Structures are given as C-alpha cells and as structure tokens.
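Engineer: Sequence and predicted structure, then a few things I'm wondering about:
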There are 2 protein chains.
Amino acid sequence: MPTAHVTNENLVVGVDLGGTQIRTAVLRGAQLISRVGLPTGEDTTPERLIPRIYTAIEQALDEAHTTLDQIAGIGIGAPGPLDNRTGVIFAPPNLPGWKRVPVRDLFEEHFKSAAGQKIRVVVENDANAAGLGEYMFGAGRGSRDMVYLTISTGIGGGVIVDGKIMEGTEGMAGELGHMTIDWHGKRCNCGNIGCLEALASGTAIARYANEAIAAGQGAELVEFVHALQQHVKEPGSSELAEHDSIEHKQAAGDVGRLHVSARVVSQAAQAGIPLARAIIGSAAEALGVGLVNIIHIFNPEVIILGGGVTQMGAMLIEPALRIVQERAMARPRDAVRIVLAELGVNTGLVGAGALIYYHMS
Amino acid sequence: MPTAHVTNENLVVGVDLGGTQIRTAVLRGAQLISRVGLPTGEDTTPERLIPRIYTAIEQALDEAHTTLDQIAGIGIGAPGPLDNRTGVIFAPPNLPGWKRVPVRDLFEEHFKSAAGQKIRVVVENDANAAGLGEYMFGAGRGSRDMVYLTISTGIGGGVIVDGKIMEGTEGMAGELGHMTIDWHGKRCNCGNIGCLEALASGTAIARYANEAIAAGQGAELVEFVHALQQHVKEPGSSELAEHDSIEHKQAAGDVGRLHVSARVVSQAAQAGIPLARAIIGSAAEALGVGLVNIIHIFNPEVIILGGGVTQMGAMLIEPALRIVQERAMARPRDAVRIVLAELGVNTGLVGAGALIYYHMS
C-alpha cells in the first residue's frame, strides 16, 4: 500500500522516456534496485509504445523481487511540451505519433490493483525531473536555488527556486536552451533566433562542422574522419563502432557526403584539428554566455551541467568558465558553484523516481 | 501596535529610495493616505541622507493624522546590490558614499518606541518591490507567475514564481536587464557584453543618438533639437523646460557638443526623423527579444512593463510585441499577457508598502 508520508527509503518506480531509449527502474532514493531498458524503436505510437513500457516496469518489479503494492508511486520524466498537473503529453518532436496522450491517467488505470487501489503517477518535463534528481540526490544537495542545464542533442533546463521546481503558469518554464544570446543570429528549430541551443548543443556542433565540410573548408577534418574510419575498421579497435557517429548519407542531392557527429568533432578537436577546435571553442563561448545569463537571472547557489556534450570535459567547460569570470557581476558570480552532474547517465531515472518523493513527502 | 497578522487594511509606510528622488508615503493597500517626497540631492552620504528620510516619514505620518504605533511596518525599496535578509545596502552606483549601510537596523533603532517596541522594517531591491506592488495591487493581481520589467535609465526585473518573489541565494535574482542578447555586442556598464539594458534602456537610446550626432550622422536630429529649443525658449511653451533633456556639455574634448535624452529621441521619432525612428526601432526589437527570453525562461501568466521609457507607447511596444509573435514558442506565448504597469509613478511606493503585507500576512 502506498504510505501517506513517503520518505526517501520508500521504493519508487522511475521512467525516463527518451526519443531513442526508454529506461525504467525500481529505486530507493538514488539507489537503483533494478533497471530495465528498451529501445524506443521505429513505431513510437502510444498504442504500441505504452504497453511495452508497462511490460518493462513489470519486469523491473520482478527483478527487484517486489510488487506494485510495495511501491510509493511511478514518476515519469518525458519530453515536453506536457502539462505536469494533468499528466498529459502533447506532441513532442521526438515522439512521432503522440498527441495529447493522457499518460498519467493511462498508467494509473493500468496499474490499479484488483481492489481498485490507485498508484500515484507523476509526469514531469525530463529536464525538470533530471534537475530534481541532482537537487535531491546529486550535486545540488543542500542548496535551495539551483539550475540544472543539460547539454546534449538539445539544451534544456530544470530550475529550483527556493526549494521548489519552477513550473511557470503551464508547466513550461525553464526552456533555458531557447533564450536568445545572438539576436541577429540564425533561426533555431524552435522558431526563435540565435538560441543558446542553436549555438552550443551537440546538434549545433555537428551542424557547424557539416556546413564547413559542405562548403569545402573541412579538408583536414575530413582527412581525420577517414583515418578514424580506417582505424575503426581494424579488428579490436571498436570504440566508435557501435555509434553512428560517421555516416555517408545517400539522400538526394547529398550523395556520398560525409556527415560527422558532435562526438567526432570533439575527437578531432582533441587531435588538434583547427576547424574542430574553433567549433568547440565557439560552442564553449556560447555556453559561457548562457551561464552568465543564468547567474544574473537566477542568482543560484549552484549550476549543474549535465548531458552527453559535457563529456567533452575541459575543452568545453574551461573556456565557458573563463567567460563567466570575465563577464558576470562579481557578487552573484562569487555566490555560485558551477559543477558537473553527479548522477551521470542515471540522472533522468533517479530524477523520475524523485518526483514521487518530491510530491509525496 | 503592529498586529501579529497584517492585512491589506493595515496602514504601512513605504519608502522609494531613488537616485534622484526619494518618496515616502503612508499607505493602506494601494491607497496613498499621504506622500512626502524629497530630492536625493548632492550630498548622498548616508549620514546626511538617512536623517532627511526619517523627517520625511515623520512628516508623512503627521499629514496622514496617524502615529507610528498605528503602522504595521516600514517597507523600503532601494537600488541594489543589497541583502534583503539583513537589510544591508551595499554600494549602489546611484547612491555615492553608501557602503554596507545597515538600513534595516538603523530604521528599526530610530523608530523604536519609548517602551522599546520595534517596528518591522523590510528592505528590498526596488525592482522586486515594484513588481510586488503590481502583483498585489496592479496588473498582476490574481496571477501566480509574473514578471515585472522596468525600463528607465536602466532595466530591472521583479519576478514572482508561484506567488513568491524570486530572490535567489543572496537576494540578487531577477537582473533581467543584464542578460546578454547580443553575445558579440558592446560592453555594458555592468561589465557584461550585449546586455538588454545596453540595447533598450533610456540610457542606451540616448547613447546611440549622441554617438550618431558625434559621428556627424545626426544633422536632421540636431536640427529638430534646435527647433525644439527655440520653441522651449518662447514664453508659455514649457513642456521640456524643467527637464535637462537637452544640454551642451562643456567637458574637455567635448566642447559645446549637443547631448540629447531618450525623451528627445522619442519626440524626434514621433516627428518622423529617420535616425530617431531607427534608434527607437532597434530598442523595441531588443525589448522584444528580451520578452521572448522571459517567456521561454519563466512561462509567466503576465509580463508587466513599467518605467519611464514605456511612456513612448506604441512606437516602442508594438514592434516588441511583433517580435514576440514571430519568435516565441506558441504554447508559452499564448499563455502570457503582456501589459503596462497599472500603478504608474506610484508603483515603487505601493510596492515598498506591499513588502510589509507580503512578509507579515
């Protein structure tokens, strides 16, 4: 039975609903008791996908040797836009086929006990959930004012103001990737101009590299990538083999053109290729400008950087911190710690579970 | 005697501590019972200025036919940086001579009754106080998530998140004028690059005009200003006479050069002078970009525009709203109302008094 007062000792289920991977887990606080993942797959329609998530949750419960009646609730981190009060997910770009899906109600109905007892289900924006995970169990522990910035394919934010998730009037606050920092810049996918996401995300880094290659400015980078491919093809050198980092797209009008990923650009920069270094340098500068804005807007005690792109490490982070040092106002700058996420790849899962502790404690 | 539970019916004292003007008032909610203002004057040292504020408050109490023991508290809106928890004002640029002044303690000591009874004194950033005024008694009534943006000499913000002032970890949150929107732009007074304040404030509008005049590009504007001066000099036409809108600075290397204010630029734009129209248009565009950022970051129910520069009206506001329409994400854009402040010149005073209702209700 769900207890009235939930503590971090209670078991919860977390679901991290991503565009390529869905992870489910049974958690106690930040501790993963069991974890079951599944690829989101080609057919993402809710009719096909949601039953697969039910099965994964049931499997995670089995693996944790527990049952639903021992679980305080199911927390779901999902791509927006969504309404966290009703648990309805609208039409996320990376979940084709989804339109106004009442995820909370569907899950509550499915997991209702034979006696009609409902389990608590909470749906929250994935960046907010991840931010909550770091706030409760990661690098944000003990703070009251915290900003989590995730830098991967896109850039998202989860903001804690005085100990509470900043939701905004319709649960859409914290779109920190879509603040303009270059008002006469390029259009972002979101429709806005010169967004942080269009300058510092993994997608942006890859795009700048591929544009340069297409414009014939990337000879050295292309050479590096070809050498990397040779290397990958040799048996035993498999670091890149599982990733679709390098591919030759065969789209019309784009025959045989090399497409590189942010990860390859990062490797090329580490190898000293000037174009790659310049691209990463520009992304780092944009990130630094975004951090200055976050410092001036929120006066946070801690800013936590998460997401795959932060794995580039010092090459990205150090120039960004220099921008902060040069440009931010002294008092709020001196008040903030800027650190990497502590929970790593599990931030989203732990955060999803944390939603139950947050709402039921 | 201050009551334990204060309602908006209780009398309070508000103090709006500005760089050129200090206003004090006895208020009941948003209603001004009495008001006593004084010029900040040349000697702004706290030793000289603070006793003058005490006298103004005592005068306001007399004029309201009341006494200190009928007052629930004294709320003070002051320029930052300051610590709202301790009521210490650090070194605001527009209050020369101030350094770590313990305003709350000084006021509490001065206004202590013969019986040793202390009156509650609250010190808050002026933009936060003004925002609170609009939130409780103005255009923000009934909302829970609101952003107040004041556009005058500088640009400041007062943000309400879920019904509470967003303070940040050291009370410095909401510096919305110092978010970069032009990352390769000019340096702002604050040390940062391409701040909204450096592009859309009254100071920025005047600076762009004066730079153009200095570069010899402002012949038509200069002509307009001279005609305006002629007009002002005629008896009976005094609209501009009280303002130092036009002056001939006699600084070294700057002999006899015309300096115009944002207000004159606005008048010239209204008269159709192309340079002036372009300058206001650029400020309006920057404002629009700032509004898009505010919408994406806070997902507010209402954004309230205050401060002297908003008196330019449609010329400034309409192009800014067009930018919002073109660039902001549809869902948070459709959720927001963007309106002008309702309390006008009294926003700061009403907001200062509102601090007492906010903290004691």
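Structural biologist: Great, that's in hand.
Engineer: measure stretch A:32-46 end to end?
Structural biologist: Using CA to CA, to the nearest Å, one end of stretch A:32-46 lies 26 Å from the other.
Engineer: residues contacting the residue in the stretch 1-150 of chain A that chain B sits nearest to?
Structural biologist: In the stretch 1-150 of chain A, the residue that lies nearest chain B is A:Asp145 (4.5 Å; CB to the nearest CB). For every residue, glycine as well, the C-beta is placed using N, CA and C. Counting by CB atoms under 8 Å, 6 or more residues apart in numbering or on different chains, A:Asp145 makes contact with A:160-162, A:298-302, B:167-169, B:173.
Engineer: In those, find the pair that's most separated.
Structural biologist: A:Val302 and B:Glu167 (15.5 Å; CB to CB).
Engineer: Kindly report the residues of the stretch 201-350 of chain A close to chain B.
Structural biologist: Contact residues (CB under 8 Å from any CB of the partner chain) of the stretch 201-350 of chain A with chain B: A:285-286, A:289, A:292-293, A:296-301, A:326-329, A:331-332, A:335-336.
Engineer: Selection in PyMOL covering whichever of those are buried, please.
Structural biologist: Here is the PyMOL command that selects only those of those that count as buried (16 or more other CB atoms under 10 Å in any protein chain shown):
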select buried, chain A and resi 285+286+289+292+293+296+297+298+299+300+301+327+328+329+331+332+335+336
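Engineer: leaving aside the residues next to it on the chain, what's closest to the closest residue to chain B within the stretch 251-361 of chain A?
Structural biologist: Residue nearest to chain B within the stretch 251-361 of chain A (CB to the nearest CB): A:Asn299, separated by 2.5 Å. Of all residues not flanking A:Asn299 in the chain, B:Gly168 sits nearest, at 2.5 Å (CB to CB, 6 or more residues apart in numbering or on different chains).
Engineer: Wait, that neighbour touches A:Phe298, no?
Structural biologist: Yes - the pair B:Gly168 / A:Phe298 is scored as a contact, 5.8 Å apart, by CB atoms under 8 Å.
Engineer: ok but A:Val36 is inside a strand, no?
Structural biologist: Yes - under DSSP: H, G, I helix; E, B strand; the rest coil, A:Val36 falls within a strand.
Engineer: Tell me who's in contact with it.
Structural biologist: A:23-25, A:56-57, A:59-60, A:63.
Engineer: Can you select the buried ones from those in PyMOL?
Structural biologist: Buried residues within those, by 16+ other CB under 10 Å, are selected in PyMOL with:
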select buried, chain A and resi 23+24+25+56+57+60
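Engineer: Can you pick out the most distant pair from the contacts of A:Val36?
Structural biologist: Most distant of those, by CB to CB, are A:Arg23 and A:Glu63, 13.2 Å apart.
Engineer: returning to what we had before: can you tell me which of the contacts of A:Val36 end up in helices?
Structural biologist: Judged by DSSP state H, helices contain the following of these: A:56-57, A:59-60, A:63.
Engineer: CSV for those, including pLDDT?
Structural biologist: Shown next, in CSV, are the ones in helices among the contacts of A:Val36 (pLDDT from 0 to 100):
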residue, pLDDT
A:Ala56, 97
A:Ile57, 98
A:Gln59, 98
A:Ala60, 98
A:Glu63, 98
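Engineer: Closest one to A:Glu109 out of the residues you listed, please.
Structural biologist: A:Ile57 (13.9 Å).
Engineer: hang on, the closest one packs against A:Val15?
Structural biologist: Yes - contact criterion CB under 8 Å: A:Ile57 and A:Val15 qualify, at 7.0 Å.
Engineer: shared neighbours of those two, anything?
Structural biologist: Common neighbours of A:Ile57 and A:Val15 (CB under 8 Å, 6+ apart) are A:24, A:74.
Engineer: Just to check, A:Ile303 is in contact with A:Thr150?
Structural biologist: No - between A:Ile303 and A:Thr150 there is no contact under CB under 8 Å: 11.7 Å.
Engineer: who has more neighbours, the two?
Structural biologist: A:Thr150 (28 against 22; other CB atoms under 10 Å in any protein chain shown).
Engineer: For the helix or strand where the more buried one lies, output the C-alpha coordinates as PDB.
Structural biologist: Assessed by DSSP states H and E, A:Thr150 sits inside strand A:146-151. The C-alpha coordinates for strand A:146-151 follow below in PDB (Å, rounded to 0.1, in the frame of the first residue of the first chain):
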ATOM      1  CA  MET A 146      19.800  25.600  -8.300                       C
ATOM      2  CA  VAL A 147      19.900  25.400 -12.000                       C
ATOM      3  CA  TYR A 148      20.400  22.200 -13.900                       C
ATOM      4  CA  LEU A 149      21.500  22.700 -17.500                       C
ATOM      5  CA  THR A 150      21.500  19.600 -19.800                       C
ATOM      6  CA  ILE A 151      23.500  19.900 -23.000                       C
END
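Engineer: Show me what that strand packs onto, helices and strands only.
Structural biologist: Packing partners of strand A:146-151 (3 or more CB pairs under 8 Å, 6 or more residues apart in numbering or on different chains; DSSP states H and E): helix A:126-137, strand A:155-161, helix A:274-298, strand A:302-306.
Engineer: Can I get these in TSV including mean pLDDT?
Structural biologist: Supplementary listing: these in TSV, determined by pLDDT from 0 to 100:
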stretch	mean pLDDT
helix A:126-137	97
strand A:155-161	97
helix A:274-298	98
strand A:302-306	98
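Engineer: Show me what residue of the stretch 51-200 of chain A gets nearest to chain B.
Structural biologist: Closest point on the stretch 51-200 of chain A to chain B, by CB to the nearest CB, is A:Gly168, at 2.5 Å.
Engineer: my guess is that residue meets B:Val302, correct?
Structural biologist: No - using CB under 8 Å, A:Gly168 is not in contact with B:Val302, being 11.7 Å away.
Engineer: So for those two, which residue has more residues nearby?
Structural biologist: More crowded of A:Gly168 and B:Val302, by other CB under 10 Å: A:Gly168, with 26 against 23.
Engineer: ok, now which ones touch that one?
Structural biologist: Contacts of A:Gly168 (CB under 8 Å, 6+ apart): A:174, B:145, B:298-300, B:332, B:335.
Engineer: same question, A:Leu343
Structural biologist: Applying CB under 8 Å, 6+ apart, one finds that A:Leu343 lies in contact with A:30, A:133-134, A:137-138, A:350-351.
Engineer: Walking through the stretch 1-150 of chain A, point out its strands one by one.
Structural biologist: Shown for the stretch 1-150 of chain A, the strands assigned by DSSP state E, counting those that start in this stretch span residues A:11-17, A:21-28, A:31-39, A:71-78, A:82-83, A:88-89, A:101-102, A:121-125, A:146-151.
Engineer: Include mean pLDDT and distance to A:Val225 when you put those strands into TSV, please.
Structural biologist: TSV is the format used below for the strands of the stretch 1-150 of chain A (pLDDT from 0 to 100; distance: least, CB to CB, whole Å):
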stretch	mean pLDDT	distance to A:Val225
strand A:11-17	97	31
strand A:21-28	96	26
strand A:31-39	96	26
strand A:71-78	97	34
strand A:82-83	91	38
strand A:88-89	94	38
strand A:101-102	97	40
strand A:121-125	97	35
strand A:146-151	97	23
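Engineer: okay, those, which one's buried deepest?
Structural biologist: strand A:146-151 (a mean of 29; mean count of other CB atoms under 10 Å in any protein chain shown).
Engineer: can you give me the angle that one makes with helix A:126-137?
Structural biologist: With axes from the mean of the first three to the mean of the last three CA atoms, to 10 degrees applied, the angle from strand A:146-151 to helix A:126-137 works out at 130 degrees.
Engineer: Now do strand A:146-151 and strand A:302-306, the angle between them.
Structural biologist: Here the directions of strand A:146-151 and strand A:302-306 differ by 20 degrees (the same axes, to 10 degrees).
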